[in-house]
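In: Task: produce atomic coordinates for the following.
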Amino acid sequence: MVEDRAQWLIKPPAGRDAFLPFNIKIHGITPEMVETAREWAEQLEELRDFIGADIAVAHNAGFDMGVIKAACAETVTPTPKLRYLCSVQVSRKTYDIPSHRLPLSAAAAGFGEFRHHEALADAEACAAIIIDAAKRHEVDDVASLAKATGLRVQQLKAIPLKL
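Out: Take a look at the predicted model:
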C-alpha cells in the first residue's frame, strides 16, 4: 500500500547544470524549472526522512543509487545508508513478459497508462509492481518479497573520495 507521495526538483551544481535537449525531451525539466530549487545537499535530509527505515525501491535501482552516490560525492555530502530493492529484478522474477521496461512491467502489475519519465508517476508505477509482486508471491513486505524472489535487499555504499 502506498502511504505517502512526494516529489521535488533539485538545482544541479555549477558545472553539472547543462540541460541537453534530449534530456529535456525525455523528462520535461528545463533550466527555468530548477532556478529556485534547493541544491542536493539542502534536500538530502528531507529525502532520508521521507524514506526513514523503509526499503527504497526503484526501477533499475542501480542507476538511481549511482546518481545518489555521485550527487553526494559531487557535493561532498555523506552518502545515506539506504537499503533498496530493484523492481526490474522483481519484475523478472514475477512476470513472463518480453521486456521489463517500466511501462511493460507496470502494465503486467495492472497499473494503467502513466507519464513515463515523470518522477512521481514512475515512482507510483514502481510501487504498483512491488505491491502486485508481493501479492503474487504471497508476502506482506519488501524484505519478504526479496527473499521470496531470491533477491537481496542492497545497501547503498559511498563512493570512496580520492584525495
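
In: Please enumerate residues in contact with the helix ranked longest in the chain?
Out: Among the segments of the chain that qualify as a helix by DSSP state H, the longest is helix 119-136. Residues outside helix 119-136 that contact it (C-beta atoms under 8 Å, 6 or more residues apart in numbering): 1-2, 5-7, 27, 57-59, 85, 87, 90-91, 93-94, 102-103, 105-106, 108-111, 114-116, 140-142, 144-145, 149. All C-beta spots, glycine's among them, are computed from the backbone N, C-alpha and C.

In: got the contact list for the most centrally placed residue in the chain?
Out: By C-alpha atoms, centre = their mean, the chain has its centre lying nearest to residue 58, at 3.6 Å. Residue 58 makes contacts with 64-65, 84, 86-87, 123, 126, as judged by C-beta under 8 Å, 6+ apart.

In: Keep only those of the residues you listed that are in strands.
Out: 84, 86 (DSSP state E).

In: And the strands in this protein?
Out: 56-58, 83-86, 154-155.

In: how about CSV for the ones you listed, with distance to residue 73 added?
Out: Rendered in CSV, the data for these read as follows (distance: least, C-beta to C-beta, whole Å):
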stretch, distance to residue 73
strand 56-58, 19
strand 83-86, 18
strand 154-155, 17
